[in-house]
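In: structure, please.
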Amino acid sequence: LWRAAGRLGWPVERLQSWRIPPHLLEIAEPVLYVEAMFGPTLAEEMGVRLLEPADDWLVRLPHECRLRDVRLTTLGEARTNPAPAFVKPPADKSFAARVYTGPELPADYPDEMPVLVSDVVAWESEFRCFVLDRELRTFSIYARHGELQDEEEYACTDAEAAGVEAFMARLLADERVDLPRATVVDVGMIEGRGWACVEQNGAWGAGIYGCDPAQVLHVIRHATVRTPPA
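Out: Numbers count the residues shown, from 1 in each chain. Prediction:
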């Protein structure tokens, strides 16, 4: 991304700590690209807001867009479920997102912590899609059968690319689907069911995999919003 930013004439600075240097606080239109755990703290320090989905976005998504049952609950409630289910924190990676039975869930987090609980499905392939103003700007495969791909494996077939583009066209045209101006939507093929949304993520902290970095920059530029003065 920093090479692409340089080609666009953007000044780039890598932060060395949680404290933002004073000269960066004076930037009129800062663009943050940070890990989720650092994002809220750095955004507050810079006086900006980072666009991200609501915790229940996937729950409210039309069923035909997700093709599985998903609910937002608490970790305490999920711990009482004896059946296997896919469990993940909605907005961070505080613990690993995977299939758990209730007793297997990590014990070192509070009962009131929100979590998403969904049916167990098999994803044949998963793709990252960067979206700006409800337009798909760039996408890349990032996993096959649950295995993350590396730089040499980001290529997908023409049929897969057509499937992503067709599904995203339907999703972005659906007025029931609310989206921030700039965001990342992960989609994929569920074995035996079809194309569906995996999740939505803030563009400001999402890995780009094999996406076009120049297009990614155009998206994340609008994922940082200056907070009006009080």
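
In: dig out what the closest residue to Glu112 other than its chain neighbours forms beta bridges with.
Out: Spatial nearest neighbour of Glu112, chain neighbours left out: Thr74 (5.6 Å); criterion: C-beta to C-beta, 6 or more residues apart in numbering. All C-beta atoms are positioned from the backbone trio N, CA, C, and that covers glycine. Taking DSSP bridges, one finds Pro114 as the beta-bridge partners of Thr74.

In: how about the contacts made by Thr74?
Out: Asp111, Glu112, Met113, Pro114, Val115 (C-beta atoms under 8 Å, 6 or more residues apart in numbering).

In: for the residues you listed, pick the one with the most neighbours.
Out: Val115 (25 neighbours; other C-beta atoms under 10 Å).

In: that one and Lys88 touch, don't they?
Out: Yes. Using C-beta atoms under 8 Å as the test, Val115 is close enough to Lys88 to be in contact (6.6 Å).

In: so where's the longest helix in this protein?
Out: The longest helix of the chain (DSSP state H) is helix 158-173.

In: what comes into contact with that helix?
Out: With C-beta under 8 Å, 6+ apart as the criterion, helix 158-173 contacts 65, 125, 127, 129, 131, 134-136, 139, 141, 156, 177, 179, 185, 187, 189, 195-197.

In: low-confidence stretches in the protein?
Out: Judged by pLDDT under 70, the chain has its weakly predicted residues at 229-230.

In: quick one, helices of this structure?
Out: 2-7, 39-46, 57-60, 63-66, 75-78, 158-173, 213-220.

In: point out the most buried one among those helices.
Out: Burial of the helices of the chain is given as mean neighbour count (mean count of other C-beta atoms under 10 Å); helix 213-220 ranks first at a mean of 20.

In: now find how far off-centre that one is within its chain.
Out: With C-alpha atoms, centre = their mean, to the nearest Å as the basis, helix 213-220 stands 15 Å off its chain's centre.

In: that helix - contacts with which helices or strands?
Out: helix 2-7, strand 123-132, strand 135-144, strand 182-190 (3 or more C-beta pairs under 8 Å, 6 or more residues apart in numbering; DSSP states H and E).

In: of all the helices of the chain, which lies closest to Pro21?
Out: Nearest to Pro21, of all the helices of the chain, is helix 39-46, at 10.7 Å by C-beta to C-beta.

In: so what touches that closest one?
Out: Contact with helix 39-46 is made by 15, 18-20, 24-25, 30, 32, 34, 49-50, 202, 204-205, 224, as judged by C-beta under 8 Å, 6+ apart.

In: mind running it again at 7 Å?
Out: Contacting residues not belonging to helix 39-46 are listed as Trp18, Ile20, Leu25, Pro30, Leu32, Val34, Arg49, Leu50, Trp204, Gly205 [C-beta atoms under 7 Å, 6 or more residues apart in numbering].

In: so how far is Val184 from the residue nearest to the spatial centre of the chain?
Out: Centroid check for the chain by C-alpha atoms, centre = their mean gives Asn201 as the closest residue, at 2.0 Å. Look at Asn201 and Val184: by C-beta to C-beta, to the nearest Å, they are 4 Å apart.

In: and what of Val34?
Out: 14 Å.

In: those two: which has the busier surroundings?
Out: The residue with more neighbours, out of Val34 and Val184, is Val184; 27 against 17, by other C-beta under 10 Å.
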